[in-house]
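Q: After the sequence you'll find the predicted model.
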Amino acid sequence: MDRIRIRGGNELHGTIPISGAKNAALPLMIASLLTDDTLTLENVPHLADVEQLIRILGNHGADISVNGRRERQQGDSYARTIHFTSRNIVDTTAPYELVSKMRASFWVLGPLLAREGKARVSLPGGCAIGTRPVDLFIEGLTALGAEIEIDGGYINATAPAGGLVGARYVFPKVSVGATHVLMMAATLAKGTTVIGNAAREPEVVDLANCLNAMGAKITGAGSSTITIEGVTSLSGARHRVLPDRIETGTYAMAVAMAGGDVVLENTDVALLDTALEAIRRAGAEITPTNNGLRVYRNGGGIKPVDVVTDPYPGFPTDLQAQFMGLMTRSSGVSHITETIFENRFMHVQELARLGAKISLSGQTAKIEGVPRLKGAPVMATDLRASVSLVIAGLVAEGDTMVSRVYHLDRGFERLEEKLTRCGAEVERVSE
Ligand SMILES: CC(=O)N[C@H]1[C@@H](OP(=O)(O)OP(=O)(O)OC[C@H]2O[C@@H](n3ccc(=O)[nH]c3=O)[C@H](O)[C@@H]2O)O[C@H](CO)[C@@H](O)[C@@H]1O
Ligand SMILES: C=C(OP(=O)(O)O)C(=O)O
């Protein structure tokens, strides 16, 4: 199993190209099941989760082809263009062996049900950051007329004889995945669907834009109320996956931690206002550029900053672990409260191995900044936790060896290459 070794102590200087967003690419790929035409996605990141979803879509009958190498454009160096064509859905079952590896694969439920009138999808797996139930998906699809039962670890869903029917449904709690699924399902329902208390994440907007390019009639994405007028069929389209705001925030925090001056290319400050503001308050300077941002921290130390995670536009839970990594070296005491997932603190004990002083009380972590961290063997416990250890490792004295980096490979494309090019000593050790 691969591990990543980081030798701490170097500042970061250079340019890092930001990839397409994993959390946009996955629902966009799934949306291709809604049409028998070809959906072409540009800027698809090369990640384990994308490869896994390719296998899942293939199992439903999708033909998938990847463009060969092209001339590199600035900021585009790793992006891929992938074509998805689901002429016929040959299988409406998404089996446990495929779905248990990744939460988002469960979302095929929406398109399969809308297009084929039935779906049998295994209950999902994914990062162990909380219980992550699926009640909101069931309630939302039931509101559109679906009959749903859980049997042997699978959701069996059936649409009424004439197909799903538009309805008004207000989520009792904000859910990104359930918003994606209900929005996709409603595109092919009869009549109008109004989703209340919808997730406002940029990835929801990206999916709505792509669905509209395919012929859907969606308004209001990005606000709490999304209206979808059902259409009888969707066509193909060409769509560019939006930049990864979590990757952007992660590297901005890495620079804030290590010091230095780095341009993050092919991204957009508007995607992560709240997180960038927290990084600024911690002492880094951030300025927008033509196609991204410049982040630098010279001389001054890291200041303690309190954050509370919240649905968009709040501070993202997917940057909570990284921010905690940064706060381990602050000059005072900071508090980080996690409100989205009840078990997203597994990085605390691993950061402690490096010398961090963190105590937990309910959903709040108290971080007492320390003047030095020292390298140690640590274990990645989930995707974002693993990269928080890399951030800490960048300033830890000596070697930090991160094991179980398959978590990292789910969501960070060529992390070691991107950091090494900026002067960090990060290498993958394969055994
Ligand atoms: C692939 C992807 O895009 N993953 C992101 C997505 O996950 P995901 O879509 O799974 O997260 P949700 O927004 O659904 O989860 C938010 C909260 O709602 C709860 N919930 C969700 C569904 C449900 O039926 N019942 C229920 O109670 C969850 O347990 C959690 O406490 O949004 C999360 C919150 O921004 C991010 O951390 C994940 O990176
Ligand atoms: C939690 C994440 O992913 P997933 O929802 O696929 O587990 C994440 O991207 O941080």
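A: Good, I have the coordinates. Numbers count the residues shown, from 1 in each chain. Ligands and ions are numbered 1, 2, ... in the order given.
Q: how about the residues of the stretch 151-300 of the chain near ligand 1?
A: Counting by Cβ under 6 Å from any ligand atom, the stretch 151-300 of the chain comes close to ligand 1 at 173, 175, 176, 177, 178. Bear in mind the C-beta positions are built from the backbone N, C-alpha and C, glycine included.
Q: same thing but at 8 Å, please
A: For the stretch 151-300 of the chain, the contact set with ligand 1 under Cβ under 8 Å from any ligand atom comprises 173, 174, 175, 176, 177, 178, 179, 180, 199, 201, 203, 246.
Q: what helix or strand does the closest residue to ligand 2 within the stretch 151-300 of the chain sit in?
A: The stretch 151-300 of the chain approaches ligand 2 most closely through residue 246 (6.7 Å), counting by Cβ to the nearest ligand atom. Taking DSSP states H and E as the criterion, residue 246 maps to helix 245-258.
Q: List the neighbouring strands of the helix or strand following that helix plus their orientation.
A: Counting by DSSP H and E, the element after helix 245-258 in chain order, helix or strand, is strand 260-265. With DSSP bridges as the test, strand 260-265 is paired with strand 12-17 (parallel), strand 292-297 (antiparallel).
Q: Columns mean neighbour count on top of those, output as JSON lines?
A: Formatted as JSON lines, these follow (neighbours: other Cβ atoms under 10 Å):
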{"stretch": "strand 12-17", "mean neighbour count": "21"}
{"stretch": "strand 292-297", "mean neighbour count": "21"}
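Q: Residue 155 contacts residue 148, doesn't it?
A: Yes - proximity of residue 155 to residue 148 meets the contact threshold set by Cβ atoms under 8 Å, at 6.1 Å.
Q: okay, and the common contacts of those two?
A: Common neighbours of residue 155 and residue 148, counting by Cβ atoms under 8 Å, 6 or more residues apart in numbering, are residue 138.
Q: Show me the helices in the chain, by range?
A: Using DSSP state H, the helices of the chain run over residues 22-31, 48-60, 96-99, 109-116, 135-143, 176-187, 202-213, 245-258, 273-281, 320-327, 347-353, 383-393, 406-409, 415-420.
Q: helices or strands next to the first one in the packing?
A: In this case it means helix 22-31. strand 38-44, helix 48-60, helix 109-116, helix 176-187, helix 202-213 (3 or more Cβ pairs under 8 Å, 6 or more residues apart in numbering; DSSP states H and E).
Q: if we can go back for a sec, identify the residues contacting the residue of the stretch 151-300 of the chain closest to ligand 2.
A: Neighbours of residue 246 in contact, by Cβ under 8 Å, 6+ apart: 21, 22, 23, 316, 318, 319, 384, 411.
Q: buried residues in stretch 116-136?
A: For stretch 116-136, a neighbour-count test (16 or more other Cβ atoms under 10 Å) marks 117, 119-127, 129, 132, 134, 136 as buried.
Q: Show the average pLDDT along that stretch.
A: Stretch 116-136 carries an average pLDDT of 87.
Q: Just the endpoints, please. Distance across that stretch?
A: 21 Å (Cα to Cα, to the nearest Å).
Q: Report the distance from it to the chain centre.
A: Centre-to-centre, stretch 116-136 and its host chain are 16 Å apart (Cα atoms, centre = their mean, to the nearest Å).
Q: hang on, isn't residue 91 packed against residue 60?
A: Yes - here residue 91 lies in contact with residue 60, judged by Cβ under 8 Å, at a distance of 5.6 Å.
Q: Comparing the two, which shows the higher neighbour count?
A: residue 60 (22 against 12; other Cβ atoms under 10 Å).
Q: who touches the more buried one in this structure?
A: Residue 60 neighbours (Cβ under 8 Å, 6+ apart): 33, 86, 89, 90, 91, 92, 94, 108, 112.
Q: Swap in 6 Å and give it another go.
A: 89, 91 (Cβ atoms under 6 Å, 6 or more residues apart in numbering).
Q: can you offset everything so residue one is 36?
A: Done: numbering now begins at 36, and the last item shifts to residue 95.
Q: mind checking how far it is from ligand 2?
A: According to Cβ to the nearest ligand atom, to the nearest Å, residue 95 and ligand 2 sit 19 Å apart.
Q: can you check residue 78 too?
A: Counting by Cβ to the nearest ligand atom, the gap from residue 78 to ligand 2 is 17 Å.
Q: Can you report how many residues lie near that residue?
A: 24.
Q: This structure against ligand 2: which residues are in contact?
A: Taking Cβ under 8 Å from any ligand atom as the measure of proximity, the chain contacts ligand 2 at 57-58, 61, 84, 137-139, 161-162, 164, 167, 212, 281, 352-353, 376, 417-419, 445-446.
Q: before we move on, the earlier item: out of the strands paired with strand 295-300, which gets nearest to residue 457?
A: strand 47-52 (3.9 Å; Cβ to Cβ).
Q: for residue 230, what are its contacts?
A: 204, 217, 261.
Q: Same list (these) but as JSON lines, adding neighbour count.
A: Below are the contacts of residue 230 laid out as JSON lines (neighbours: other Cβ under 10 Å):
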{"residue": "204", "neighbour count": "21"}
{"residue": "217", "neighbour count": "27"}
{"residue": "261", "neighbour count": "24"}
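Q: between the residues you listed, which is nearest residue 47?
A: If you rank those by distance to residue 47 using Cβ to Cβ, residue 261 comes first, at 39.2 Å.
Q: does the closest one really touch residue 251, like I thought?
A: No - counting by Cβ atoms under 6 Å, residue 261 stays clear of residue 251, with 11.1 Å between them.
Q: Counting neighbours, which of the contacts of residue 281 comes out on top?
A: Busiest of the contacts of residue 281 [other Cβ under 10 Å] is residue 419, holding 29 neighbours.
Q: any idea how far the residue of the stretch 186-335 of the chain closest to ligand 2 lies from residue 59?
A: In this view, residue 281 and residue 59 are 11 Å apart by Cβ to Cβ, to the nearest Å.
Q: likewise residue 204?
A: From residue 204 over to residue 59 (counting by Cβ to Cβ), the distance is 23 Å.
Q: any idea how this structure splits into domains?
A: Per the record, the chain has its domains at 38-53+278-464, 57-275, by automatic domain parsing.
Q: Quick one: distance of the longest one to the chain centre.
A: Yep, that's domain 57-275 we're talking about. Remark: domain 57-275 is offset 14 Å from the chain centroid, using Cα atoms, centre = their mean.
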